[in-house]
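**Q** Compute the structure for the input listed below.
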Amino acid sequence: MRLRLMEATVESLVELGWAGTTTTVVSQRAGVSRGAQLHHFPSKQALVVAAVEHLTDRRRDDMRRHAEGLPEDDRIRGVLEILAAQFVSPVFFAALELWVAARTDAGLRESVGPLERRIGRETHAYAVELLGIDESRGDNRQLVQATLDLVRGLGLAASLSDDTKRRATVLDSWAAVLERELDPS
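**A** Got it, this is the predicted structure:
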C-alpha cells in the first residue's frame with residue numbers, strides 16, 4: 001500500500017504539479033482509502049518527500065544495472081548517458097516540482113533540503129565511481145560537479161520540450177572535454 005501511494009504521488013506530481021497533487025488525488029490514484037493514506041503518511045509533505053526519496057533509491061538501483069554494461073572503449077560517454085537519464089526521468093520532474101514549491105514554503109524546504117543534499121552527495125560519489133577516477137587528483141572533483149550541473153540543466157530544458165538531439169550533441173562534446181581533462185586514477 002505504501003508503495004502504491006508513493007508511486008501515485010510521483011505520477012501526480014509529474015502530471016498535476018505540486019498544487020494539483022493533493023492527498024485525496026493520491027489516495028484515489030493509488031486505490032486506497034483516505035484513512036489508509038493518512039495512517040501511512042499524515043501529511044502531503046510527508047507523503048511527497050517519502051515518495052521522491054523511495055523512487056530516487058529505485059532509480060539509483062536502475063543506474064547500477066545500466067552501469068554493468070558500460071563499454072570500456074567509450075566509458076565516459078556511457079556514464080554521461082546514465083547520469084543524464086536520471087535528470088529526464090519522472091522522478092527528476094517530481095523533484096523539480098518539490099524544489100519550486102520549497103522555494104517559497106519554509107516547512108517543505110526543511111524537508112526537501114536535507115534529502116536533496118543527500119541525493120546530491122550520493123550522485124556525485126556514484127559519478128566518481130562510474131568514471132573510475134580519484135576525485136582528489138587535479139580538477140576531477142570540479143569536473144564531476146560541472147558534469148552533474150550540466151546534466152541537471154539539460155533535465156530542466158527537457159522539462160519544457162523534447163531536447164533529445166541537442167542533449168546528445170552536448171553530451172558528445174562534454175565527453176570529449178572529460179576525456180581530455182580528467183586526471184585518471
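
**Q** average model confidence for the helix or strand encompassing Ala46?
**A** Per DSSP states H and E: Ala46 is located in helix 44-67. Mean pLDDT, helix 44-67: 82.

**Q** and the helix or strand bottoming out on mean pLDDT in the chain, which residues are buried?
**A** Lowest on mean pLDDT, DSSP states H and E among the helices and strands of the chain sits helix 44-67, with a mean of 82. For helix 44-67, a neighbour-count test (16 or more other CB atoms under 10 Å) marks 44-45, 47-56, 59, 63 as buried. All C-beta spots, glycine's among them, are computed from the backbone N, C-alpha and C.

**Q** now swap in stretch 71-87 and tell me
**A** Neighbour-count burial for stretch 71-87 [16+ other CB under 10 Å]: 75-87.

**Q** cool, stretch 154-166 as well?
**A** So for stretch 154-166, counting by 16+ other CB under 10 Å, buried means 154-155, 158, 163.

**Q** got it, and stretch 107-127?
**A** Across stretch 107-127, burial judged by 16+ other CB under 10 Å covers 108-109, 111-112, 115-116, 119, 123-124, 126-127.

**Q** can you give me the offset of it from its chain's centre?
**A** 10 Å (CA atoms, centre = their mean, to the nearest Å).

**Q** Also stretch 23-32?
**A** 24 Å.

**Q** Adding distance to Ala30, write the buried residues of helix 44-67 out as TSV.
**A** Formatted as TSV, the buried residues of helix 44-67 follow (distance: CB to CB, whole Å):
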residue	distance to Ala30
Lys44	14
Gln45	17
Leu47	10
Val48	13
Val49	17
Ala50	13
Ala51	10
Val52	16
Glu53	17
His54	13
Leu55	14
Thr56	19
Arg59	20
Met63	26
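
**Q** The longest helix along the chain packs against which elements?
**A** Longest helix in the chain, counting residues (DSSP state H): helix 106-131. In this structure, helix 106-131 makes packing contacts with helix 44-67, helix 75-86, helix 90-104, helix 140-158, judged by 3 or more CB pairs under 8 Å, 6 or more residues apart in numbering; DSSP states H and E.

**Q** Much appreciated, bye for now.
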